[in-house]
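Enquirer: just coords:
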């Protein structure tokens, strides 16, 4: 596929001097500063309301009173970072519209969290998603999950803050560290003081700015090249409009199966078990509102994906008519979008500033969510269990200090990112590597009643080892001789070319000089299968270790932590098939116990007290050894 610039176009390319002169006008600075000021005002407003009367629940979960729409827009904004706004159009510009089929995974990727994860989390009245791991397994598993999440987000925070600032600096001359410090400080203030409510409402505002910025580029760009119909025709003539690629090979970077089904696991790791998203579900005023917010994200995600693809196609059509300068042709792939915006909008004061505001809105929403979720898990999982008698005022103040501390750590990580060079690619990849094992850990607990704490811990470790083995192995292989070198660029930095709309970025080669074989082929596994592969590793190893260590025999099992997959699947079969499988009666016992317990919980007949909770305990019956035990409900201490 030829994505180069046509040599037959008539307009002369811009000179390097012209490109370097693409700096902000006064109107652009006004629009950009307005974004920061309004974000700060929204955050401080929610911090000021009720100052001195804030409880820990209000700070971390917005007092569980948020509505469906703001939660949905915040869910969308959390992982729609500036890296994705730059990466998706670049992906379409370079490789065509195959990436658009990622939208096929959104339905299952949001339907499963809505009907499996949200009901369990919400009915357990959690604050941190990792409280679930203690209720299902034990405190050690909870701490392991929390530490893994903290490692994932701390590494990622600095990259999300530094990478867009560097790209902007390379293209517009916008001061690098001024933008890093400004974003970090503004985000730090409103997140630490205003808590989750401030984060959600600023996310709503920043989501609208992101939509406006991208829409402005699409409208102005398509009008300049002759309309969207002409854009589509140009893309079709150059082979950018991709058909459905049904190759089932998981080592092919993008196919329909990879995007549509491998992407489901990626979505589950983000919208199912990630604390930043779970915290938003739990802030909803009812369980129904939480489910509806998850449904509302689906059309929003589709719109965002289509807008990113359209920007890529418009950019391609534009550069067929107005060729790039030599400096632009040598730029890193994800700097192309900023070059395109500056070329396109330089004659319209304020619009380049609007797009940059859109870009940094993505960074602000992602970083503020990271600060807030990290403060929550640190407080709820690592501090309060050891100091349970903290007063509300002291806990609230400590949560603000923790959030502010993570903000300072984010600035430090941004500086470290600037010194990492090529290792920065590995830092971005870590986010994707860790998400899969965490998904596998939660699935192990929810879907397999026989899984026990030793199995959970060993399974998580096995998943992390497998994730880092494949991820780091692929990076080292790509850096070795025999693979195509990355494009040269003045800033010696390149964002990965295959960023997803939810910013799980794992570097994979776009082209190689020779087809990999042996272990190198194993390292070329498509990044979209990472979550599926790693979560499956956790489940398989966790189940094997659980069986070898006696399963849940002798341990208590809280039925509210289990999603009864097996009884629900058996209920779909004809009665004759259930009898043939010799499990009809047993499945009815288990599903009856669980259903009855759930019904009592919903009717308020069973309620959690300070030291007692209804538990499902395996009945000691020798006849049931070797198969799933019958569960009996009893009161027991936590």
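Expert: Everything's here; your move. These numbers were taken from a predicted model, which means no experiment stands behind them.
Enquirer: Can you read off the pLDDT for residue 444?
Expert: On the pLDDT scale, residue 444 is placed at 94.
Enquirer: How about residue 146?
Expert: 93.
Enquirer: That one: neighbour count?
Expert: By the criterion of other C-beta atoms under 10 Å, residue 146 has 23 neighbours. For every residue, glycine as well, the C-beta is placed using N, CA and C.
Enquirer: name the element the residue sitting nearest the centre point of the chain belongs to?
Expert: With distances taken as C-alpha atoms, centre = their mean, residue 270 lies nearest the centre of the chain, 4.1 Å away. Using DSSP states H and E, residue 270 sits within helix 263-271.
Enquirer: next one: that helix to chain centre, how far?
Expert: The chain centre lies 8 Å from the centre of helix 263-271; the measure is C-alpha atoms, centre = their mean, to the nearest Å.
Enquirer: Flag every buried residue along stretch 349-358.
Expert: 350-358 (16 or more other C-beta atoms under 10 Å).
Enquirer: what helices or strands is the helix holding residue 270 leaning on?
Expert: helix 106-112, helix 423-447, helix 530-548 (3 or more C-beta pairs under 8 Å, 6 or more residues apart in numbering; DSSP states H and E).
Enquirer: what's in contact with it?
Expert: Residues from elsewhere that reach helix 263-271 (C-beta atoms under 8 Å, 6 or more residues apart in numbering): 75, 79, 102, 104-106, 108-110, 112-113, 277, 294, 297, 432, 435-436, 438-439, 500, 502, 504, 528-532, 535.
Enquirer: run the last query once more with 6 Å
Expert: Helix 263-271 has contacts (C-beta atoms under 6 Å, 6 or more residues apart in numbering) with 79, 102, 105, 108-110, 113, 277, 435-436, 439, 502, 504, 528, 531-532.
Enquirer: Could you check the angle that helix makes with helix 423-447?
Expert: 90 degrees (axes from the mean of the first three to the mean of the last three C-alpha atoms, to 10 degrees).
Enquirer: could you give the angle of helix 263-271 to helix 530-548?
Expert: Using the same axes, to 10 degrees: helix 263-271 against helix 530-548 is 80 degrees.
Enquirer: Figure out how far the longest helix along the chain is from the centre of its chain.
Expert: Secondary structure assigned by DSSP state H gives helix 176-225 as the longest helix of the chain. A distance of 17 Å separates the centroid of the chain from that of helix 176-225, by C-alpha atoms, centre = their mean.
Enquirer: on contacts alone, who are the packing partners of it?
Expert: With contacts defined as 3 or more C-beta pairs under 6 Å, 6 or more residues apart in numbering; DSSP states H and E, helix 176-225 has these neighbours: helix 26-48, helix 56-61, helix 68-78, helix 139-172, helix 287-321, helix 351-377, helix 392-420.
Enquirer: Just the mean pLDDT for that helix, thanks.
Expert: For helix 176-225, the mean confidence score works out to 88.
Enquirer: need the next SSE after that helix, C-terminal direction.
Expert: helix 228-237.
Enquirer: Determine the angle, from 0 to 180 degrees, between that next one and helix 287-321.
Expert: Using the same axes, to 10 degrees: helix 228-237 against helix 287-321 is 70 degrees.
Enquirer: Show me what helix 228-237 is packed up against.
Expert: Partner elements for helix 228-237 (3+ C-beta pairs under 6 Å, 6+ apart): helix 287-321.
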